[in-house]
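Trainee: need a structure here:
(one chain, ligands or ions: 3)
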Amino acid sequence: MDGLTREIFAPLEIVCHAGDPGVCAYVIEEGCVEVLRGEGGDQILVAVLSEGAMFGEVALLDRQPRTATIRALVPTRLVRIERDHVEELLLRADPVIQHLLRLLLARFRNPFGAGNGPGQEPGRLGDGVYAEKQDRDLQAAAVRTLSLARDLSHALDASQLELYYQPIITFSDRSLAGFEALLRWHHPTMGLISPMEFIPLAEKTGLIHRVGQWVLERATADWLDLREICPTGRACQMSINLSAPELGGDHIVDAITSSLSRRGIPAHELRVELTETIVIRSIDQVSLALERLRAAGVGIALDDFGTGYAGLDYLQTLPFSCIKIDKSFVQQINASERSMHIVKTALELARGLGMTTVAEGIEDQVIADQLKAMGCTYAQGYHFGRPMPKSAVATWLQQFNASPAVAP
Ligand code: C2E
Ligand code: CA
Ligand code: CA
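Mentor: Ligands and ions are numbered 1, 2, ... in the order given. Sure, this is the predicted structure:
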């Protein structure tokens, strides 16, 4: 405990009062303290803590007021542990540990119902009910996260993951330009889990590398069939999504090039998509891998363009071949000037830098017509085709080709 602050207390001196803000925890280095609950003359002694014991950690972690008064019994030396320090460590901790901790804190704070925990003011009825609901929601969310994190590692081995494919359409002639592979998890008891929920979990638990490898292998294997239904003589592509941790080392580049060459797929038939947020947050980390992928001939799309709230310098320095305009702007193009501005900016930038563009989330013909008129290269959205299992793709294509009424 070197480098930490010590505080000295005389016998019967108060260390903290119930209700004080919990800005730090203490470890008793020498001496002992008593823990008192209740108020004024009604205080009762609930514990005596001696050397090595820690106290104040619950208020420190859940940012609630202290639940007890602590008083030194003999000359006492305490080591002070600051909240900032603990929070910094916690931020780096596994998300499962974080959730577990929140769950335990909620239980500790509230064993008999919110607002009436030990040493807490009984809340007003409304507040209590609200807090109780919050506690229940928090616990339910924590239990769900813990279960999913536990089950995800089995999901791969138990064949519970599946790739769905969403068609990407060329605006100019309404032909099929390829697919984006989108991951689905068929959980045995919880049903279909969205990648928005389990991908972040896989990233934080490190499982994303195995998941990413599985996606790469599945998508390239399925592409051998799917490319057969794409128009001949056209540049069609399979797109896969990559996460930030996957782009950390050289491994991903080798994995991609080896998967392509094993299956005899030309590199330009694969496109990797990474979100603007990933690019901005870890530009140094990703740029080397992206350069190598581009040099190998793999396409690189900047996903969710417009959501990252950053400057645009990185667009010139990183080797993108395509910009995907986020669906939130595409769908709001007629409702918000800002959305229209972002869409126009993306299209101009891409034109200037020699990149193609995909408009995501197109759900109706009006918006499709507008984007086509504005010069966007590709369309993606429920209006053309939802993400679907590979087995459904051929039927979708037949129906799509037979329905020129929805032509862009
Ligand atoms: P994304 O890459 O932006 O994928 C597009 C999302 O928009 C997909 O959600 C797709 O189903 C949805 N979408 C497509 N067209 C429309 C439309 O017209 N309207 C609406 N409302 N939504 C539309 P999905 O499949 O739930 O995937 C969510 C996100 O999860 C993806 O966003 C991507 O960031 C991530 N993800 C999916 N698969 C993978 C994967 O294999 N690896 C990684 N790292 N991330 C993945
Ligand atoms: Ca994507
Ligand atoms: Ca996207």
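
Trainee: need the residues of the chain near ligand 1, please.
Mentor: 166, 182-183, 194-196, 199, 215, 241-243, 273, 303-304, 327, 360-363, 380-382, 387 (C-beta under 6 Å from any ligand atom). In this view, the C-beta of every residue, glycine as well, is placed from N, C-alpha and C.

Trainee: buried among those? Make that a PyMOL selection.
Mentor: Command for PyMOL that selects the buried part of these, burial taken from 16 or more other C-beta atoms under 10 Å:
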select buried, resi 166+182+183+195+199+215+241+242+243+273+303+304+327+360+361+362+380+381+387
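
Trainee: which of the residues of the chain next to ligand 1 fall within strands?
Mentor: Residues of these located in strands (DSSP state E): Gln166, Leu182, Leu183, Asn241, Glu273, Asp303, Asp304.

Trainee: how about those, which pair is most distant?
Mentor: Using C-beta to C-beta, the pair of these lying farthest apart is Leu183 and Asp304, separated by 16.2 Å.

Trainee: returning to what we had before: can you redo the ones in strands among the residues of the chain next to ligand 1 as CSV with pLDDT and distance to Tyr26?
Mentor: Below are those laid out as CSV (pLDDT from 0 to 100; distance: C-beta to C-beta, whole Å):
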residue, pLDDT, distance to Tyr26
Gln166, 98, 55
Leu182, 98, 50
Leu183, 98, 46
Asn241, 97, 47
Glu273, 97, 49
Asp303, 94, 47
Asp304, 92, 45
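
Trainee: contact partners for the residue of the stretch 1-150 of the chain found nearest ligand 3?
Mentor: Of all residues in the stretch 1-150 of the chain, Leu148 sits closest to ligand 3, at 22.4 Å by C-beta to the ion. Neighbouring residues of Leu148 by C-beta atoms under 8 Å, 6 or more residues apart in numbering: His187, Met190, Ile193, Glu197, Phe198, Leu201.

Trainee: out of those residues, who's the most crowded?
Mentor: Phe198 (24 neighbours; other C-beta atoms under 10 Å).

Trainee: can you pull the pLDDT of that residue?
Mentor: Predicted confidence (pLDDT) at Phe198: the value is 94.

Trainee: hang on, it packs against Asp151?
Mentor: No. With contact defined as C-beta atoms under 8 Å, Phe198 and Asp151 do not form a contacting pair (9.3 Å).

Trainee: and the residue of the stretch 1-150 of the chain closest to ligand 3, how far from Glu203?
Mentor: Distance of Leu148 to Glu203, computed by C-beta to C-beta, to the nearest Å: 13 Å.

Trainee: can you check His268 too?
Mentor: According to C-beta to C-beta, His268 and Glu203 sit 28 Å apart.

Trainee: these two: who's more crowded?
Mentor: Set side by side, His268 and Glu203 show more neighbours around Glu203, with 18 against 15, by other C-beta under 10 Å.

Trainee: domain map for this protein?
Mentor: Listed by automatic domain parsing, the domain ranges of the chain are 5-93, 160-402.

Trainee: using a markdown table, please lay out the ones in strands among the residues of the chain next to ligand 1 together with distance to ligand 3.
Mentor: Shown next, in a markdown table, are these (distance: C-beta to the ion, whole Å):
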| residue | distance to ligand 3 |
| --- | --- |
| Gln166 | 11 |
| Leu182 | 10 |
| Leu183 | 13 |
| Asn241 | 8 |
| Glu273 | 7 |
| Asp303 | 4 |
| Asp304 | 4 |
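
Trainee: ok, of those residues, which one's closest to Ala350?
Mentor: Asp303 (13.6 Å).

Trainee: quick check: that closest one touching Val279?
Mentor: No. At 9.1 Å, Asp303 does not count as touching Val279 under the criterion of C-beta under 8 Å.

Trainee: anything in contact with each of these two?
Mentor: Counting by C-beta under 8 Å, 6+ apart, Asp303 and Val279 have no contacts in common.

Trainee: secondary structure element for Glu34?
Mentor: Here Glu34 sits within strand 32-37, counting by DSSP states H and E.

Trainee: just checking, what packs against the following helix or strand past that strand?
Mentor: Later in the chain than strand 32-37, the nearest helix or strand by DSSP H and E is strand 44-50. Using 3 or more C-beta pairs under 8 Å, 6 or more residues apart in numbering; DSSP states H and E as the contact criterion, the elements in contact with strand 44-50 are strand 32-37.

Trainee: other residues contacting the strand it packs on?
Mentor: Here strand 32-37 makes contact (C-beta under 8 Å, 6+ apart) with 9, 15, 18, 43-51, 55, 67-74, 76, 118-119.

Trainee: may I see the buried residues of that strand?
Mentor: For strand 32-37, burial by neighbour count (16+ other C-beta under 10 Å) applies to Val33, Glu34, Val35, Leu36, Arg37.

Trainee: so what's the third one bridging to?
Mentor: Read it as Val35. In this structure, Val35 bridges to Ala47, Ile70 when assessed by DSSP bridges.

Trainee: quick one on the thing from earlier: can you put the domains of the chain in a markdown table and add distance to Leu103?
Mentor: Output for the domains of the chain, formatted as a markdown table (distance: least, C-beta to C-beta, whole Å):
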| stretch | distance to Leu103 |
| --- | --- |
| domain 5-93 | 11 |
| domain 160-402 | 16 |
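
Trainee: from the ones you listed, which stretch is densest packed?
Mentor: domain 160-402 (a mean of 18; mean count of other C-beta atoms under 10 Å).

Trainee: how far out from the middle of the chain is that one?
Mentor: Distance of domain 160-402 from its chain centroid, counting by C-alpha atoms, centre = their mean, to the nearest Å, is 17 Å.

Trainee: which helix or strand in the protein has the lowest average pLDDT?
Mentor: helix 95-109 (a mean of 69; mean pLDDT, DSSP states H and E).

Trainee: right, and Ala68 touches Val46 too?
Mentor: Yes. Between Ala68 and Val46 there is a contact under C-beta under 8 Å: 7.0 Å.
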